[in-house]
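*Asks:* Below: sequence and its predicted model.
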Amino acid sequence: MTKKLKFQAPTGMHDILPEEQRYFQKIYSVVEDIAKFYGFEKIDTPILEDAELFSKGVGMSTDIVGKEMFSLRTKGGDYLALRPEGTAPTVRAFIENGMINLPQPVKLWYFGPFFRYEHPQAGRFREFWQFGFENFGEQNAVIDAQTIQIFYNILQELKLKNLVIEINCIGDSQCRPYYKKLLTSYFRSRESALCPDCRRRLRENPLRILDCKEEKCQPVKSQAPQIIDHLCEICHKHFKDVLEFLDGIELPYRLNPYLVRGLDYYTKTVFEIFTETNEEIQKQSALAGGGRYDTLVKLLGGRDTPACGAAAGVNRIVELMRERSQKQPKEFEAEVFLAQLGNLAKKKSLKLIEEFRKEKITIGESLGRDSLKAQLVKANKMGVKYTLILGQQEALDDKIIIRDMKIGKQETVKLDKVVREISKKIKK
Ligand code: HAM
């Protein structure tokens, strides 16, 4: 006996069904509008990249690369990875396509799936969607503030409430090495009070200890030296400027000295945006995160180019939109409905629908059905103003009935005149 196969989507990955697609489309259209407004151009990069792009760009010691990367060896022997994030690929494309020779800044945005081998839980998936904005060639702090403003605007436009921005400055190659040393010696003297993960971090990247959510590490963390007290003059001024710009546009931010982010490429400003509802969940699930990464282009083989950007998690935004029981973005909205009966009417309907499409008039139908009653019920549900009825007799006579759904009045017109008639009525 053969066993019946039961396939399921891979763990942590899921189908985006039509109901969810509507949220995705809503988000996409808000992001696209805002991108256009701020002068960002769209880029798509491959889903697979050379794995080394991420180990070098994002950092070998980060969880994203060290623990969570889906990688594979191709038949040709290349070592590739499913992209876990979008910044390193965008930088690779910027360098590879000589975008440094374009007038700067180069502003790019993307929207697509990303992959991390994480423990699936609420708001955390192995395949998830992000949209991101990356700005190359500008080092002024105003860009950091504008990046935050863009993400805040998008989330607001999507009607998400209680948004909180957390921000920090993690220094640069001038001041961070010294701070790291300070931090290492502080944590080393308290190593036994740290969780096993943080003991590992102490050797690999002590900054990440600041980000630890383990109860055990909190008391040690809270006494740790803060980078803000050890910034060099340039970073200090940059941070002060960013905060002043944010004050100027009245964005409500909170300083978080423990915010270090889970990717190694950041310099100076880092930020995340949450919604403030439940502290626990909130900490798990930033809606967006980003910052400045002034050394990444050079690190990946390009010319020294300052850059700043961020990305947001689409799935998390959809979850919130659903939770807040935001009215589901409307399904297909039709202006008229075409009800038909019999094979000849179906044949003529196929042609008629095309004529409406060319006129850009949206038309609902239920071509597979024959029951007029069921079709009228559907027309009612769709809330159309007019229903066209093409019965067997009308089809023979090349005529069609127009029914005004509001007042119930009906009139019969010639089939070849109906598109014009409806067009007149709609545009009235
Ligand atoms: P990230 O903080 O790793 O940053 O991801 C950005 C957003 O993607 C998060 O705030 C979250 O909403 C969403 N996200 C991340 N992992 C998952 C997951 N496993 N499941 C669901 N959603 C997730 C970056 O990826 C940087 N490349 C952002 C950036 C762009 N920095 C500069 N430019």
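*Replies:* In hand now; what should we look at? Residues are numbered from 1 along each chain as shown.
*Asks:* Dig out what the closest residue to the ligand within the chain forms beta bridges with.
*Replies:* The ligand sits closest to residue 313 of the chain, with a gap of 2.3 Å, by Cβ to the nearest ligand atom. Using the backbone N, CA and C atoms, a C-beta is placed for each residue, glycine as well. Taking DSSP bridges as the rule, residue 313 bridges to residue 130.
*Asks:* which helix is the longest one in this structure?
*Replies:* helix 18-37 (DSSP state H).
*Asks:* Quick check: buried residues in it?
*Replies:* For helix 18-37, the buried set under the neighbour-count rule, 16 or more other Cβ atoms under 10 Å, comprises 20, 22, 23, 24, 26, 27, 30, 31, 34, 35.
*Asks:* re earlier: got a list of what the residue of the chain closest to the ligand touches?
*Replies:* Shown in contact with residue 313 (Cβ atoms under 8 Å, 6 or more residues apart in numbering): 123, 128, 129, 130, 285, 286, 287, 288.
*Asks:* Domain parsing of the chain, as residue ranges.
*Replies:* Structural domains assigned to the chain are 18-175+231-323, 336-426, following automatic domain parsing.
*Asks:* so what's residue 52 closest to, chain neighbours aside?
*Replies:* Of all residues not flanking residue 52 in the chain, residue 79 sits nearest, at 7.2 Å (Cβ to Cβ, 6 or more residues apart in numbering).
*Asks:* now residue 296
*Replies:* Spatial nearest neighbour of residue 296, chain neighbours left out: residue 265 (4.4 Å); criterion: Cβ to Cβ, 6+ apart.
*Asks:* and what of residue 35?
*Replies:* Nearest one to residue 35, counting by Cβ to Cβ, 6+ apart, is residue 109 at 4.5 Å.
*Asks:* a strand runs through that neighbour, doesn't it?
*Replies:* Yes: Residue 109 forms part of a strand when assessed by DSSP: H, G, I helix; E, B strand; the rest coil.
*Asks:* Could you give the bridge partners of it?
*Replies:* residue 42, residue 133.
*Asks:* Residue 183 against residue 202, yeah?
*Replies:* No: using Cβ atoms under 8 Å, residue 183 is not in contact with residue 202, being 9.1 Å away.
*Asks:* Which one of the two is surrounded by more residues?
*Replies:* It is residue 183, of residue 183 and residue 202, that has more neighbours when counted by other Cβ atoms under 10 Å, with 21 against 18.
*Asks:* Give me the pLDDT for the more buried one.
*Replies:* As predicted, residue 183 sits at a pLDDT of 94.
*Asks:* Residue 325 now?
*Replies:* pLDDT, read off for residue 325, is 66.
*Asks:* Kindly report the same for the one 10 residues further on.
*Replies:* Model confidence at residue 335, given as pLDDT, is 90.
*Asks:* Could you find the closest non-adjacent residue to residue 266?
*Replies:* residue 291 (4.6 Å).
*Asks:* Tell me if I am right that that neighbour is in a strand.
*Replies:* Yes: assigned with three-state DSSP, residue 291 falls within a strand.
*Asks:* okay, now it: neighbour count?
*Replies:* Neighbourhood size, residue 291 [other Cβ under 10 Å]: 27.
*Asks:* ok, it - contacts?
*Replies:* 144, 170, 261, 266, 267, 268, 269, 270, 271, 308, 309, 310.
*Asks:* lowest-pLDDT helix or strand in this structure?
*Replies:* Least confident helix or strand, the chain: helix 279-284 with a mean of 51, by mean pLDDT, DSSP states H and E.
*Asks:* Dump the domains of the chain to TSV, plus distance to residue 211.
*Replies:* Listed next are the domains of the chain as TSV, based on distance: least, Cβ to Cβ, whole Å:
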stretch	distance to residue 211
domain 18-175+231-323	5
domain 336-426	49
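*Asks:* which one of the ones you listed is the most hemmed in?
*Replies:* Mean neighbour counts were compared across the domains of the chain using mean count of other Cβ atoms under 10 Å; the top stretch is domain 18-175+231-323, at a mean of 18.
*Asks:* now for that one, what's the gap between its first and last residues?
*Replies:* When the termini of domain 18-175+231-323 are compared using Cα to Cα, to the nearest Å, they are 18 Å apart.
*Asks:* picking up where we left off before, can I get the buried residues of helix 18-37 in a markdown table with distance to residue 324 and pLDDT?
*Replies:* Compiled in a markdown table, these are given as follows (distance: Cβ to Cβ, whole Å; pLDDT from 0 to 100):
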| residue | distance to residue 324 | pLDDT |
| --- | --- | --- |
| 20 | 15 | 95 |
| 22 | 15 | 94 |
| 23 | 12 | 96 |
| 24 | 17 | 97 |
| 26 | 13 | 96 |
| 27 | 14 | 98 |
| 30 | 15 | 97 |
| 31 | 19 | 98 |
| 34 | 20 | 96 |
| 35 | 24 | 97 |
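*Asks:* Nearest to residue 85, out of these: which one, please.
*Replies:* Among the buried residues of helix 18-37, residue 31 lies closest to residue 85 (Cβ to Cβ), at 17.0 Å.
*Asks:* now the residue of the chain closest to the ligand: how far from residue 347?
*Replies:* Look at residue 313 and residue 347: by Cβ to Cβ, to the nearest Å, they are 48 Å apart.
*Asks:* Would you check that the residue nearest to residue 35 makes contact with residue 132?
*Replies:* Yes: counting by Cβ under 8 Å, residue 109 touches residue 132, with 6.6 Å between them.
*Asks:* Now do the strands in the stretch 301-428 of the chain.
*Replies:* 307-313, 336-340, 363-365, 386-390, 399-404, 410-414 (DSSP state E, counting those that start in this stretch).
*Asks:* Reformat those as a markdown table; add distance to residue 239.
*Replies:* Listed next are the strands of the stretch 301-428 of the chain as a markdown table, based on distance: least, Cβ to Cβ, whole Å:
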| stretch | distance to residue 239 |
| --- | --- |
| strand 307-313 | 13 |
| strand 336-340 | 58 |
| strand 363-365 | 55 |
| strand 386-390 | 61 |
| strand 399-404 | 64 |
| strand 410-414 | 70 |
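*Asks:* out of those, nearest to residue 162?
*Replies:* strand 307-313 (16.1 Å).
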